[in-house]
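Chemist: 3D, please:
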Amino acid sequence: MKKTSFPLVLSIILVMSCASISFISLPMDSNEFQNTSFRLSSLTPHAAITISSNADFAAQGWPGNGTEQSPYVIDSLEIVTDGTCVSIANTDVHFIISNCLLYSQSQDSGRGIYVSNVNNGLIYNNTIHDKQYSIRLYVVNYLEIMENKIYGCSADGIYMIYTSGVIIVGNKVYGNANLGLNVYSYTLYSEIYDNMIGFNSAGNANDQGMFNDWDDGSSTGNIWSDYSGVGAYSISGVGEDNYPRGFLSKPTDVEYVFGSSVPSVAWDVRLPNPHSYAMFWNDAIFTQGPLNTSLDHLSKAIDGLTVGMYNLTLVVNDVSGYSLVDTVIITVLGESTTMTTPPTTTGTTTSTETTTDTFLPPETPVMLILLIIGTIAVIVIVVFIVIRRK
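Modeler: You can find the predicted model right below:
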């Protein structure tokens, strides 16, 4: 039986325990979410930017020449406005918007980046928050959105309509008031995978387009805050992620016979802004600690328990104030000839006291004595009858 996620404020004291607990922070491999931090270099304050044609890039002095080898570059700017921070329209030259910090001045309004009637572009490693939309695309072809941090919007994190060939990879999209990713009408042939998408109020994603892929087709989908841990992840509308992962993996409940050796219960933890964790054994906390990367592995040994039922609960917390909870039920079964004392509730490995009832045969063979007495009685009766007849 599993518990779903819920907000939880932890104010707890670390309790020392003899339990066996492993907390290991591992470097992520090539198949895991790679942008563990968004490295914004020294930023230059800048006014809102409006590009309305190819010529505007050169006229405004942006470096590059618009070719694939030398795109125009808008880089390392801090733009604070209640309107649109960067607007690019009616272009087909190559450009990059990278390493920028874009947000509203006083209210969640406007767009972080608005792209309209555009071919060819890359939006890379920006932090965009507290806008109406972080990124909004309208009539766009061949645009890449990669490794951006998007949160706190009053509408959608990323909104797309009338687009094709858009690639969305490696972004963190979370905590938006509507949808995380809104892939709306006439959005075709998008590739959306290896993104961390969660805690969005109206749902994490919607796909009203056609022929959009929510995984890479072989092994990597997206990381979802509400993934059940079983099977494919269904996106509202027509989308499906065939290789999803969860912010918090959900190991199955465990049942084993007393005395057996069983693996530890293990979780993978992936959060946009990982903060801390706490573990509870039968609802009593026994350990807590920090979460340091976008992929942490936590585990707890569960062998050596006495017969009974136990619950092991993990709570993980994000810096942004979100929490996830998972509970694993552990059932230890007794052997038929063994009676064990009730399980304790304050440790992972408990001592066992076993009482064995042994049934020995009686020292005197009672059945044999009864048989002999019966035989003697029969002989006496026969002798008595013979004597009487004489």
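Chemist: Just give me how far stretch 295-309 sits from the chain centre.
Modeler: 19 Å (CA atoms, centre = their mean, to the nearest Å).
Chemist: Quick one: mean pLDDT over that stretch.
Modeler: Per-region confidence: stretch 295-309 scores 94 on mean pLDDT.
Chemist: quick one: buried residues of it?
Modeler: By neighbour count on 16 or more other CB atoms under 10 Å, the buried set for stretch 295-309 is 295-296, 298-308. In this view, the C-beta of every residue, glycine as well, is placed from N, C-alpha and C.
Chemist: Any idea which residue is closest to the centre of this structure?
Modeler: Phe247 (1.7 Å; CA atoms, centre = their mean).
Chemist: who touches the nearest residue to Ser261 once chain neighbours are set aside in this structure?
Modeler: The spatially closest residue to Ser261, leaving aside those adjacent along the chain, is Asp303, at 5.4 Å (CB to CB, 6 or more residues apart in numbering). Going by CB atoms under 8 Å, 6 or more residues apart in numbering, Asp303 touches Tyr256, Ser260, Ser261, Val262, Thr349.
Chemist: Same question for Met210.
Modeler: Thr187, Leu188, Val238.
Chemist: ok, the contacts of Asp303 vs Asp92, which is closest?
Modeler: Lowest distance from Asp92 to the contacts of Asp303 (CB to CB) belongs to Val262, with 60.3 Å.
Chemist: The closest one contacts Tyr256, doesn't it?
Modeler: Yes - Val262 is within contact range of Tyr256, at 4.9 Å (criterion: CB atoms under 8 Å).
Chemist: mind giving me a markdown table with the buried residues of stretch 295-309 and columns for distance to Cys85?
Modeler: Output for the buried residues of stretch 295-309, formatted as a markdown table (distance: CB to CB, whole Å):
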| residue | distance to Cys85 |
| --- | --- |
| Leu295 | 31 |
| Asp296 | 33 |
| Leu298 | 39 |
| Ser299 | 43 |
| Lys300 | 46 |
| Ala301 | 51 |
| Ile302 | 51 |
| Asp303 | 55 |
| Gly304 | 58 |
| Leu305 | 56 |
| Thr306 | 61 |
| Val307 | 62 |
| Gly308 | 59 |
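Chemist: Quick one: those residues as CSV, columns for secondary structure and distance to Asn126 too.
Modeler: Below are the buried residues of stretch 295-309 laid out as CSV (DSSP: H, G, I helix; E, B strand; the rest coil; distance: CB to CB, whole Å):
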residue, secondary structure, distance to Asn126
Leu295, coil, 22
Asp296, strand, 26
Leu298, strand, 31
Ser299, strand, 36
Lys300, strand, 39
Ala301, coil, 43
Ile302, coil, 44
Asp303, coil, 48
Gly304, coil, 50
Leu305, coil, 50
Thr306, coil, 55
Val307, coil, 56
Gly308, strand, 53
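Chemist: Closest to Arg111 out of the residues you listed?
Modeler: Of all those, Arg111 sits closest to Leu295, with 31.3 Å by CB to CB.
Chemist: just to revisit the earlier point, by the neighbour-count criterion, which of the contacts of Met210 qualify as buried?
Modeler: Thr187.
Chemist: number of nearby residues for Ser164?
Modeler: Using other CB atoms under 10 Å, Ser164 is surrounded by 20 other residues.
Chemist: residues in contact with it?
Modeler: Residues near Ser164 by CB under 8 Å, 6+ apart: Val140, Asn141, Tyr142, Thr187, Leu188, Tyr189, Ser190.
Chemist: now, the most widely separated pair of the residues you listed?
Modeler: Largest pairwise distance in the contacts of Ser164, by CB to CB, is 13.3 Å, between Tyr142 and Thr187.
Chemist: shared neighbours, the two?
Modeler: In contact with both Tyr142 and Thr187: Ser164, Val166, using CB under 8 Å, 6+ apart.
Chemist: How is the chain divided into domains?
Modeler: 33-218, 254-355 (automatic domain parsing).
Chemist: looking at those, which has the lowest confidence?
Modeler: Across those, the lowest-scoring stretch is domain 254-355, with a mean of 83.
Chemist: gap between that one and the chain center?
Modeler: Counting by CA atoms, centre = their mean, domain 254-355 comes out at 18 Å from the chain centroid.
Chemist: just stretch 252-271 next, same as before
Modeler: Worked out by CA atoms, centre = their mean, stretch 252-271 lies 17 Å from the chain centre.
Chemist: Val73 versus Ser87, what's the distance?
Modeler: 17 Å (CB to CB, to the nearest Å).
Chemist: ok, Gly175 - contacts?
Modeler: Tyr151, Gly152, Phe199, Asn200, Ser320, Tyr322.
Chemist: rerun that using 10 Å as the cut-off
Modeler: 129, 150-153, 157, 198-201, 225, 272-273, 318, 320-322 (CB atoms under 10 Å, 6 or more residues apart in numbering).
Chemist: Now, these that are in strands?
Modeler: The strands, defined by DSSP state E, take in His129, Ile150, Tyr151, Gly198, Asp318 from the contacts of Gly175.
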